[in-house]
Structure formats: C-alpha cells, structure tokens
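In: how would this look folded up:
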Amino acid sequence: MTDQEFCQAVVTFDDREKGEALARTIVGERLAACAQIDGPITSVFWWEGAPQTEEEWRVEFKTRTTLLDELTAKVAELHDYDVPQVVAVPIVGGLPAYLDWMREETREPASAERGSEETVTG
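Out: From the prediction side, this is the model:
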C-alpha cells in the first residue's frame, strides 16, 4: 500500500454497539492502538442497483500499516455487512510521542511473529 509505518483504517456500522464491539476486539487483539467511534453519520451509496441512504457510525482505527491486512480480515470475518467498508489512508506524521505509543500498543504482524519464532526454535 505505502511505505508509511502507520495508517488509519475506517469502517462503518449500522449500529453503534456493533462498532464498539468490533473496536474492542481489534484493539484487544492489538491490531490497532485505538479506535474512535463517531456518528451518527448519513451515508448515501449505491447498493443492489439503487441509491441508498442510511444512518451509520464510523470507527477509525489507528494501526501499523503492516497490520492492515490482518485488521481487514478480522473486520471481514466479524462484520455483518455483505461488503463492509474498510478503507485506509497513510499517517504521514504526528506527535512523535503519540506515534511511539501507537508502536508500543500494537503487535508485530503475524508473519513477523512466525518468522522470529522459527529463528528461535529452528
């Protein structure tokens, strides 16, 4: 996607509690350092051949770019939409202490963890 270390992934939900539950799961698994929920927002979109208008809640996840694929897979697994919105934008800068905090509060991607385990046990 990009060579930026961090990104912000945005996911929408039709219910605040559903968004909060998934946010707790993703942050609990350390796939994101934090999740911010805002809404309700009004979304207008094409679905099943016609424009739709719905009230939704937006969850913004702050994460490492290397964790985005795992975060996206977790959303796809647990979200109740047929095609959930998961879009990400790179974080190109910020307060160094905040970026350090994001780094500390997220885990390494699973592929890196497996690689280090193989090195230790191999």
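
In: can you pull out the strands in this structure?
Out: Using DSSP state E, the strands of the chain run over residues 6-13, 34-47, 50-64, 86-91.

In: from the middle of its chain, how far away would the first one be?
Out: Centroid displacement of strand 6-13 relative to its chain, using CA atoms, centre = their mean, to the nearest Å, is 5 Å.

In: buried sites along it?
Out: By neighbour count, with 16 or more other CB atoms under 10 Å as the criterion, the buried positions of strand 6-13 are 6-9, 11-13. C-beta coordinates here come from the backbone N, C-alpha and C atoms, glycine included.

In: now the two most distant members of those residues.
Out: 6 and 13 (22.8 Å; CB to CB).

In: which secondary element of this structure has the worst mean pLDDT?
Out: Scoring the helices and strands of the chain by mean pLDDT, DSSP states H and E places helix 110-121 at the bottom, with a mean of 49.

In: winner for burial among the strands of the chain?
Out: Among the strands of the chain, ranked by average contacts under mean count of other CB atoms under 10 Å, first place goes to strand 6-13 (a mean of 21).

In: could you pull up the mean pLDDT of that strand?
Out: Mean pLDDT, computed over strand 6-13, is 98.
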